[in-house]
Structure formats: C-alpha cells, structure tokens
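Engineer: with the sequence up front, the predicted model follows.
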Amino acid sequence: MIAVIETITGGISHEAFNAGMLYQLHNVYPNEEIIYFCEKEQAKCVKRILAIHGCKNIRFSTINRIYVECTNENIVDNKQEYIHIFKKCLHAKFVLILTMDTVNSGLVKNFMKKFYYLKFGVCIHGCIENILPQNEAKFCKNHQKKRELDYFKKNLDDMTKLPNCNIILYSDVYKKYKNCISQSLYANIKVLNLPYVFTYDKKEPAKSNIFRIGIMPSSAAAEDKNCIKIIQYMSKQKNRIFYPYKFLIFNYNIGCYENVNYINKPGKKRSDIEYFMKLCHWILIPYDKSKYILSSSGVMFDSIEEERPFFALDSKCFTKAIEAGCGIRETTIDALGERIIEEINGQDSGERYSQYSKNIRNYKKRIEKENLKGLAEIFG
C-alpha cells in the first residue's frame, strides 16, 4: 500500500498536480493499492480528473478540513488528523506528503522519526523559496512571520538528517544555490517535474481576428506589477502593432487599461481554467529572476497541458521548457514587449505556431517519462 497525504490544500487548489502525482504513482506501481488522504472537495476534484483518464482504482479517505494558517490550534488539530491517518499507514510501502508548509512541518518531522521504518517523500511548493537569503530578509520586521520561518527551517533541517526522508522539489535550479541552503537539505533533495495528468488531443486555437494573450490571477496579482508594465509598454508601442490584440485576465482585476478584457468565473472550477486557456493564443507569465528558484510555476504547467506557448521573464524555472521550444523568454520588460509585438505582427504564420504546439506536446511526453523514472528511483 502507498499512502498519499494532503492536509494543506483543498478544493481545486493543486488538484491538477495532486491528481498528476496519483496518476504517475499508479503507472509506476500498478499492483500497489494507493490511498489518498485529503479534504472531501479535493477528493471530488481529483476523482473527476482521474476518471477522465481511466484511473479509477485510487482509494480516497477524507479528512475533516485543511490546515493552512500556522496557529497552535491548527497544529493541534492537524496532529489529531495525522494520528488518525497514520493508523492506516503502518504497513505502507512508503508515505508521500504532497504539500509540506510551516503548519505541518513539525508533525511531518515527528511522524518521520516515530515511523522510522517507513520511507517518506515530502513535496514542498512555494514556501521553500522563503529559506533563500534574499527572501528571508523580508521577514525580519515581522516577528511572527520570522518565528514561523525559523520553525519551518529547523523542522526541515532536522528531517533531512533522517535516513527515511526524501525532500522532493519541482525545480533543479537549487544546484546553483548550494551556498544558500543547509548541507543536509542540499544532499537530500530529489527533483521531479511538477506532476500532471497530460492529455495529447489538444487543438490549436481557432483562427481569430484578435491575438489573445492570457494572464492568470497569480501573475496579475504579483507584487512586481510586471503584467501592468508589459500592458503599458504595448500601449506605448501601439502604432507599431499591425494586428488587433487583447490581454485576457482570468479572475483578477488590475483596473482599466487599453486592450484588456476580464474573464470572471466565480466557481473557479478546473473546467473554467481549461475554458480560459482555450480562449488564448499565448499565456503571459512575467516572473522575474527572483521568483520560482526552488519551486515551479503551476501556470506554466497549465499552459503546457493546454499546449499554449508562453511569454516569460527571467525566472529560472522556465529554462527547461524554453530550451524545449515551449515559449519565449526575455530578461527585461522592453525586450519581452518587443517579442510579443513580433508574434502579434507575424501571427498569420501558422507554421510557426504549429511548431510551438509540436514542441510542447513532445515536452509533455518527455517530462512525464522523466517523472515515472524519478519516482521509481526515489521509492524503489
């Protein structure tokens, strides 16, 4: 039996990645029973994705609720949840924690010590970025956040010294930051691509008299305001743009700008995200080099699944996909704006877009194969 545990995210949050992990585990270990412990709405979302792909033999065991905020009450309640879960995991082949954050880091460490004979995989998403010096500095003036970060770092460092621990990150860029992270963490890290249940029957967007560039909420809401900067740059260059274009922003409002439309879907279902992606020709993901160093962008994988190329700034998490021909990356707002203008003005060249689609499809097959191999190497 393989135990997969998610106590941090619920509903559609991470449901595509969590379903992807279950699907890939099933492909690597087809004869093992897999039990997924998660919140009931997440269970519904993940079941729906897996059923579409013919994967119906995952067992689901629901928990009372998710635990996000790092409060004493949440830690105590989450502990009771973990005790209940681990009573069912005593004979597991291995245990996979899909999301470790501050609130459950101490629990994961303690259960790892208690069940020393079980092999653990611990997946960490965006919160891992906070351990880097350039990000840690922003917590100095907030004593509560600083205590939480110190708590997370200590638990992480302690568990990486345990023989049954495998820390799983979704970016191999950590290798360039060896001097910024502890030796025990560096030596312990295993890397997978962000898991996804990929499909291979996607169609290119229909011919349109408007070039549509999609922006997801996480990009639109980013503190760096890079989306707004690019929108403004394009407006200044409008006399050099020879084809109508629109920025489509999903479920987030940045205000009134030229050539910006909003697509609002209050339900925030996976089908809503897929609908939005289908409307777009390209996706804009303008994270700078300080973002997504030890983790990976979920928006990039959403665009890859829908086979939509993307425009990106200098975040290193895009390097692998860019090298595979899945999009365009530049290091400055002006340079990226120029490349967007180039694509808009040359959009009648269907062959160029078809090549991006082909590259993305090949990349999907490649990274899925890499993950199956990686899971087998981590867990045996």
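Structural biologist: Okay, I see it.
Engineer: the helices in the chain, which residues?
Structural biologist: Per DSSP state H, the chain carries helices over the ranges 15-28, 40-52, 72-86, 102-114, 133-136, 143-159, 183-188, 217-220, 226-236, 270-279, 298-305, 319-323, 333-345, 350-379.
Engineer: how far out from the middle of the chain is the fifth one?
Structural biologist: Spelled out, that is helix 133-136. Relative to the chain's own centre, helix 133-136 is displaced by 21 Å; criterion: C-alpha atoms, centre = their mean, to the nearest Å.
Engineer: repeat for stretch 38-56
Structural biologist: Put simply, stretch 38-56 sits 18 Å off its chain's centre (C-alpha atoms, centre = their mean).
Engineer: pLDDT of that stretch, averaged?
Structural biologist: The average pLDDT within stretch 38-56 is 91.
Engineer: go on, stretch 161-172?
Structural biologist: If you average the pLDDT over stretch 161-172, you get 95.
Engineer: and it, which residues are buried?
Structural biologist: N164, C165, N166, I167, I168, L169, Y170, S171, D172 (16 or more other C-beta atoms under 10 Å). In this view, the C-beta of every residue, glycine as well, is placed from N, C-alpha and C.
Engineer: which residues does that stretch contact?
Structural biologist: Residues outside stretch 161-172 that contact it (C-beta atoms under 8 Å, 6 or more residues apart in numbering): 109, 112-113, 115-125, 128, 156, 159-160, 184-185, 188-194, 292-296, 316-317, 320, 378-379.
Engineer: and that stretch, end to end?
Structural biologist: Taking C-alpha to C-alpha, to the nearest Å, stretch 161-172 runs 20 Å from one end to the other.
Engineer: also stretch 248-258?
Structural biologist: Note: stretch 248-258 ends 11 Å apart using C-alpha to C-alpha.
Engineer: how is this structure carved up into domains?
Structural biologist: For the chain, automatic domain parsing gives the domain ranges 2-197, 211-364.
Engineer: rewinding a little: just the contacts of stretch 161-172: which are in strands?
Structural biologist: Using DSSP state E to define strands, the subset of the contacts of stretch 161-172 located there is K119, F120, G121, V122, C123, I189, K190, V191.
Engineer: on the strand side of things, show who the first one bridges to.
Structural biologist: Judged by DSSP bridges, the bridge partners of K119 are F94.
Engineer: pLDDT of stretch 285-302, averaged?
Structural biologist: Throughout stretch 285-302, pLDDT has a mean value of 90.
Engineer: distance of the nearest residue to P217 once chain neighbours are set aside relative to P309?
Structural biologist: In this structure, P217 finds its nearest non-sequential neighbour in Y252, 4.0 Å apart by C-beta to C-beta, 6 or more residues apart in numbering. Distance, Y252 to P309, using C-beta to C-beta, to the nearest Å: 22 Å.
Engineer: before we move on, what about I273?
Structural biologist: Here I273 is placed at a distance of 17 Å from P309 (C-beta to C-beta).
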